[in-house]
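A.B. asks: pasting a predicted model and its sequence here:
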Amino acid sequence: MSVTRTALRTVVIAYLFFLVGWPLWMVVQETFLSGENHLVSTLQDPAVRSALRVTLAAAAWAVVLNTVFGITLGILLVRHDFPGKRLLGLFVDLPIAVSPIVVGLALLLAYGPVQGWLGRPLAELGILVVFSFPGIVLAVTFVSLPLVLRAVIPVLREIGIEQEVAARSLGAHAVQILWRITLPSIRGAVTYGIILTLARAVGEFGAVLIISGGLVGQTETATMAVQRFHQGFATGSSYAIGFLLALIGIAALAIVTVLRPKEHTRGN
Amino acid sequence: MPTRALNNPASATAGIPFSPGRTRSKRRPRSRRRTTLTRPAGLALGISVLWFSLLVMIPLALLLISSVEDGWSTFWDTLTNVQTAHAIRLTLVSALAATAVNLVMGLLIAWVLVRDRFPGRWLIELMIDIPFALPSLVAGLVLLSLYGPESPLGINVLGTPASVFLALLFVTLPFVVRTVQPVLGELDRDVERAAHSLGASRATTVRRIILPALTPALAAGATLCFARGVGEFGALVILSGNRPNISEGAPMRIQSYIEVDNTAAAATVAVLLLATALTATLLVEVLTSQERHR
């Protein structure tokens, strides 16, 4: 019994060490311990700064759009009944399961300036979606679409409607109930969803690669810069930006881990 | 004025969709769950659905249309093209293999996390989630550092079919663990003790008591894992070297079709991936709803 336990523990630790731990340590080593500090020198490159700015701005847009969408649809799906609700609930999870490259292609077919079904009329009006910033926003918003929604739905179910009913019986109107009762009680879940959205949007590569055109200094995102440096054998720089992105992701993970148990105790 | 319906017997069924048909008469009594939308709620729903259609449904529908635009024969010609067929096969086989390994390792890791107590357990918890946190492109870089040309282990998978498998193994690591772990944590230990006291061996208990209880969670985790594996792109870009007929996966094939402006062929492969993802999502939905009703 105790032999099995030790054996299992050893197998698990060894597996994770070779798959995750050691490779991750190598990246840290490459970034900081290989002589020069690549992180500092890379961050002074104006193209890299622009790429980081584009990435963060697009991620911020994705957070705003998906938070509004997630809260609105979450309340509608949990508190209301309407025809097609089940189907909508099913389709809304789809963006997570679609390959990023497929997302890129689908958006290109819809919003491309030449062949795009919606993109061509927009281009005639002088609005360029693909190969410019709005396209990047669409791509990262697509891939992170249901994250806030998914975080909000279980909490909305859990808190029930007693407080809302009480508020209404005391004369509160719909907007007051939304602002004073519903939104404060799902604040934790929304924060959780926002952090997941942010991490997903910052790290997106495949969809953005197809959509943005990758003009260095203009529509290039951080992940695309990683690939550019990697292909140009500037390993140090590519590892440095990669490390920075990894840091954002892991910070998000840490915050999410801290947030999650709180959500549980509040639910109970 | 809507009647407050907390004592309404219909509220007992609030968790279950209780409306049998889609047509609703206005005279239907308001139950705890409002069955009609108020005007602002209807407007909000309209805007949400419009946005969702513009962002997701219309582009995906155009993808479907584009794949069969040139007729079914072109559709099949694309899929049976030697290089494309190889890429699709490599992706599917690697995703299946990674799923199989994940089923075993995911179960073991979940087991250790739930049933074992030792210092440094939090480090394992952290490592499980790292593939979720890392951008997949960075995941490729991370793996390349240990399993690339400058590997201190002397293992170089760059440009081999194994690179696809390794990349998928990394990015799909959390799925099975994270679906199995909560179910395993809630299992009633008394049943296991009872089985033991009735003379069942450890192996019998695992096979007859624990595994059956975990099957829905394992299946759901495996499906998520497979769907994610089939679509993985970023890690492959770095790790696979993209060699036609050797290490080129289906998502890479889509990218090369897009680069040469053959969007119809790209859409064909994409539809195949999309169908796989859709099937997986539906399967998860069916499996988890079964679990809920149990």
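C.D. replies: Ah, there it is.
A.B. asks: surely A:A240 and A:T31 touch.
C.D. replies: Yes - taking contacts as C-beta atoms under 8 Å, A:A240 lies within contact range of A:T31: 5.3 Å. Using the backbone N, CA and C atoms, a C-beta is placed for each residue, glycine as well.
A.B. asks: ok, B:V171 to B:P135 distance?
C.D. replies: B:V171 is 10 Å from B:P135, where distance means C-beta to C-beta, to the nearest Å.
A.B. asks: which residues touch the closest residue to chain B within the stretch 51-200 of chain A?
C.D. replies: Nearest residue of the stretch 51-200 of chain A to chain B, counting by C-beta to the nearest C-beta: A:S99, 2.8 Å away. A:S99 makes contact with A:206, B:230-233, B:251, B:254, B:270, B:273-274, B:277, according to C-beta atoms under 8 Å, 6 or more residues apart in numbering or on different chains.
A.B. asks: make CSV out of those and add distance to A:A254, neighbour count and pLDDT.
C.D. replies: CSV is the format used below for the contacts of A:S99 (distance: C-beta to C-beta, whole Å; neighbours: other C-beta atoms under 10 Å in any protein chain shown; pLDDT from 0 to 100):
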residue, distance to A:A254, neighbour count, pLDDT
A:G206, 26, 28, 87
B:V230, 30, 27, 89
B:G231, 27, 28, 87
B:E232, 25, 29, 89
B:F233, 26, 28, 90
B:P251, 30, 25, 89
B:I254, 34, 29, 90
B:A270, 35, 32, 90
B:L273, 32, 25, 84
B:L274, 34, 25, 82
B:A277, 29, 22, 71
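A.B. asks: secondary structure class for B:V157?
C.D. replies: Following DSSP: H, G, I helix; E, B strand; the rest coil, the label given to B:V157 is coil.
A.B. asks: what number of residues lie near it?
C.D. replies: When neighbours are defined as other C-beta atoms under 10 Å in any protein chain shown, B:V157 has 23 of them.
A.B. asks: could you measure it against chain A, distance?
C.D. replies: 12 Å (C-beta to the nearest C-beta, to the nearest Å).
A.B. asks: which residue, other than its chain neighbours, is closest to that residue?
C.D. replies: Counting by C-beta to C-beta, 6 or more residues apart in numbering or on different chains, B:S163 is the residue found nearest to B:V157 once chain neighbours are left out, at 4.2 Å.
A.B. asks: distance of B:E125 from A:T257?
C.D. replies: Distance of B:E125 to A:T257, given as C-beta to C-beta: 8 Å.
A.B. asks: skip the chain neighbours and tell me the closest residue to the residue of the stretch 51-200 of chain A closest to chain B.
C.D. replies: B:G231 (2.8 Å).
A.B. asks: contact partners for that neighbour?
C.D. replies: Listed by C-beta under 8 Å, 6+ apart, the contact set of B:G231 reads A:97-102, B:251, B:273, B:277.
A.B. asks: anything in contact with each of A:A240 and A:T31?
C.D. replies: A:38-39.
A.B. asks: in terms of neighbours, single out the busier of the two.
C.D. replies: A direct count of neighbours by other C-beta under 10 Å for A:A240 and A:T31 places A:A240 higher, at 26 against 22.
A.B. asks: next one: the more buried one from A:L24, what distance?
C.D. replies: A:A240 sits 15 Å away from A:L24, taking C-beta to C-beta as the criterion.
A.B. asks: going along the chain, name the helices of the stretch 51-200 of chain B.
C.D. replies: Taking DSSP state H, counting those that start in this stretch, the helices of the stretch 51-200 of chain B run over residues B:58-68, B:72-80, B:82-115, B:121-133, B:136-147, B:161-171, B:173-186, B:189-197.
A.B. asks: any idea which of those helices gets closest to A:V11?
C.D. replies: Of all these, helix B:82-115 sits nearest to A:V11, with 6.4 Å by C-beta to C-beta.
A.B. asks: same for that closest one, what does it pack against?
C.D. replies: helix A:2-16, helix B:72-80, helix B:121-133, helix B:161-171, helix B:173-186, helix B:211-231, helix B:250-259, helix B:263-293 (3 or more C-beta pairs under 8 Å, 6 or more residues apart in numbering or on different chains; DSSP states H and E).
A.B. asks: tilt between the shortest one and helix B:82-115?
C.D. replies: Compare the direction of helix B:72-80 with that of helix B:82-115 by axes from the mean of the first three to the mean of the last three C-alpha atoms, to 10 degrees and you get 60 degrees.
A.B. asks: looking at the stretch 101-250 of chain A, which residue is nearest chain B?
C.D. replies: A:G203 (2.8 Å).
A.B. asks: neighbours around that residue, how many?
C.D. replies: Residues near A:G203, counting by other C-beta under 10 Å: 29.
A.B. asks: these two touch, right, it and A:L247?
C.D. replies: No - A:G203 lies out of contact with A:L247 (C-beta under 8 Å); the separation is 11.5 Å.
A.B. asks: quick check: phi and psi at A:G214.
C.D. replies: Dihedral angles of A:G214 (phi, psi; degrees, to the nearest 10) stand at phi 60, psi 40.
A.B. asks: give me the number of residues near it?
C.D. replies: 18.
A.B. asks: one more: A:T55?
C.D. replies: For A:T55, using other C-beta under 10 Å, the count is 26.
A.B. asks: ok, it touching A:V202?
C.D. replies: Yes - if you go by C-beta under 8 Å, A:T55 and A:V202 touch, sitting 5.7 Å apart.
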